[in-house]
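> Provide a 3D model corresponding to the input given below.
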Amino acid sequence: MSSDKSAIRNASTIIVLRDRLRDPAILMGQRGATAAFMPNKFVFPGGAVDRADGAVPLAAPLPALCHRRLAEEAPDGLQHALAAAAIRELWEETGLILGVPGQWPGAVPPDWEEFAATGHVPSAAALQFVFRALTPPGRPRRFDARFFLVDASHIQGDPDDFTHAQDELSHLQWIPLSRARSFDLPFITEVVLAEVEARVSDPAPPASVPFFRNNDESSLFLRLRGYPMPES
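Below is the predicted model of the structure:
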């Protein structure tokens with residue numbers, strides 16, 4: 001992977017939604033004051049795709065609709081790595097497990113050893129691809145981030161137990177969706193929140209996915225509709 005800090009890196013962000021039909025809340029934490037990217041901001045768990053993520057076994061793949069949406073305007077075959085990265089970042093930054101009980105086939109990548117030690121294999125079946133955003137030029141870090149929504153009912157164990165979280169995020173908490181905008185949020189997070197609010201009462205994957213594409217020429221809001229299903 002390039003060492004150029006200005007290079008655009010693929011990234012995954014995961015939005016965990018709890019009690020969606022009664023009192024919806026989302027899981028967020030605060031980035032450190034010295035962080036190079038979005039210091040002090042409250043964010044969803046997420047980060048760059050690692051080289052090993054593409055080879056991580058998934059107990060179940062992404063829903064077919066989300067798989068097709070992710071393929072649009074993207075390198076072929078990236079979907080698996082993006083899904084695995086979302087699950088890994090959730091584990092690293094919150095200590096929560098998105099997976100199913102089981103034993104890993106073969107060797108476990110170093111970044112996944114602690115996850116595997118819990119006796120679970122990651123599963124992407126519950127992930128829904130809901131948003132994509134490219135960091136604008138001129139920022140110290142640039143990411144092509146895919147945002148995944150998942151219902152907290154798919155989390156293994158206690159959703160309030162953050163004891164296994166690493167120290168990348170502080171003040172981890174379930175924030176009522178109605179109060180989220182009162183926190184210090186990045187602009188793009190506020191935009192994504194509108195999509196989350198629209199999805200609260202609809203558990204199905206979205207028909208199309210917003211893509212906020214910032215490049216040197218312009219900033220565009222596109223819709224990713226994916227490719228049609230092949231005829232049988």
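> going forward, measure contacts and count neighbours with C-alpha atoms only.
Noted.
> all helices of this protein, in order?
64-71, 79-94, 113-117, 187-199 (DSSP state H).
> Show me what the last one is packed against.
Read that as helix 187-199. Here helix 187-199 touches strand 128-134, going by 3 or more Cα pairs under 8 Å, 6 or more residues apart in numbering; DSSP states H and E.
> Show me what the strand it packs on packs onto, helices and strands only.
Judged by 3+ Cα pairs under 8 Å, 6+ apart, the packing partners of strand 128-134 are helix 64-71, strand 142-151, helix 187-199, strand 209-214.
> redo that, cut-off 7 Å
Strand 128-134 sits against strand 142-151, strand 209-214, with contacts defined as 3 or more Cα pairs under 7 Å, 6 or more residues apart in numbering; DSSP states H and E.
> chain center to the first one, what's the gap?
With Cα atoms, centre = their mean, to the nearest Å as the basis, the distance from the averaged C-alpha position of strand 142-151 to the chain average is 4 Å.
> Tell me where the model's unsure across the chain.
By pLDDT under 70, the low-scoring segments of the chain are 1-6, 33-39, 216-221, 226-232.
> Could you work out the end-to-end span of stretch 209-225 for me?
Stretch 209-225 has an end-to-end distance of 7 Å (Cα to Cα, to the nearest Å).
> Pick the most buried one from the helices and strands packed on strand 128-134.
Highest mean neighbour count among the helices and strands packed on strand 128-134 (mean count of other Cα atoms under 10 Å): strand 142-151, with a mean of 22.
> got the angle for that strand vs strand 209-214?
Orientation check (axes from the mean of the first three to the mean of the last three Cα atoms, to 10 degrees): strand 142-151 against strand 209-214 gives 160 degrees.
> Identify the residues contacting strand 142-151?
6-18, 126-135 (Cα atoms under 7 Å, 6 or more residues apart in numbering).
> can you check stretch 16-34 too?
Contacts for stretch 16-34 (Cα under 7 Å, 6+ apart): 15, 39-45, 149-152, 168-177, 200-201.
> Please, a ChimeraX command that selects the buried ones among these?
To isolate the buried ones among the contacts of stretch 16-34 in ChimeraX, judged by 16 or more other Cα atoms under 10 Å, type:
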select :15,40,41,42,43,44,45,149,150,151,152,169,170,172,174,175,176,177,200
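> In strands, which of the contacts of stretch 16-34 appear?
Those of the contacts of stretch 16-34 mapping onto strands are 15, 42-43, 149-151, 169-176, per DSSP state E.
> Redo those as CSV? Include distance to Gln103.
Below are those laid out as CSV (distance: Cα to Cα, whole Å):
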residue, distance to Gln103
Ile15, 26
Phe42, 35
Val43, 32
Leu149, 26
Val150, 23
Asp151, 24
Leu169, 29
Ser170, 31
His171, 32
Leu172, 29
Gln173, 30
Trp174, 30
Ile175, 34
Pro176, 35
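> so what's the closest residue to Gln30 other than its chain neighbours up against?
Leaving aside its chain neighbours, Gln30 sits nearest to Phe42 (4.3 Å; criterion: Cα to Cα, 6 or more residues apart in numbering). Taking Cα under 7 Å, 6+ apart, we find Phe42 in contact with Met28, Gly29, Gln30, Arg31, Phe183, Asp184, Leu185.
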